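Colleague: Quick check, what structure comes out for this input:
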Amino acid sequence: MKTRTPILLLSAFFAISILTSCEKETVLPASEVPAEITTYVKNHFSDHKILQVIKDKDGFSKTYDVILEGGFSLEFDRKLKIIDIDGTGRLPDSVIPAKILDYVSQNYSGNYITDWEIDGKNQQVGLENELELEFNRSGEFLRIDG
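Modeller: Take a look at the predicted model:
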């Protein structure tokens, strides 16, 4: 039993080492930025130039982190679908699902959305007053989150 413990610990250490060594971030040159990302930016953030795109491989997952002028950052999943938008200012209405936008304008008039993300099966938005609201995938309000 005593000899098994060091072997198990050593095996766990090597497994963790291998998994963490699979992490890789690559800054993409403009010529290698996927068309879906550039199209999304042109459609929704036309006044904000792409400053940097980082392809982030972590084990079996892959994401693209996009940094824009004006304090916006976007994250796309491996299928090039938007999953997270953070901003220092108001997000364009075109990036927020209509049902969520309507809920916020009706219930929090005078506030605007600065962050949006897909969080598992739900969506979250952050308001400029630092309140976070959670919605399901259909855009129905669930709760105030923290």
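Colleague: Spatially central residue for this structure, please.
Modeller: The centre of the chain sits closest to residue 84, judged by Cα atoms, centre = their mean, with a distance of 2.6 Å.
Colleague: Return the residues in contact with it.
Modeller: 73, 74, 75, 116, 117, 118 (Cβ atoms under 8 Å, 6 or more residues apart in numbering). The way it works is simple: take the backbone N, C-alpha and C, and place the C-beta from them, glycine included.
Colleague: The third one contacts residue 65, doesn't it?
Modeller: I take that to be residue 75. Yes - Residue 75 is within contact range of residue 65, at 5.5 Å (criterion: Cβ atoms under 8 Å).
Colleague: Which residue ranges of this protein form strands?
Modeller: Ranges of strands in the chain, per DSSP state E, are 24-27, 50-58, 61-68, 72-76, 82-87, 113-119, 122-127, 132-136, 141-144.
Colleague: Tell me how the chain divides into domains.
Modeller: The chain breaks down by automatic domain parsing into domains covering 22-88, 89-146.
Colleague: tell me the pLDDT at the residue nearest to residue 133 when sequence neighbours are not counted?
Modeller: Nearest non-adjacent residue to residue 133, counting by Cβ to Cβ, 6 or more residues apart in numbering: residue 125, 5.2 Å away. The model reports residue 125 with a pLDDT of 98.
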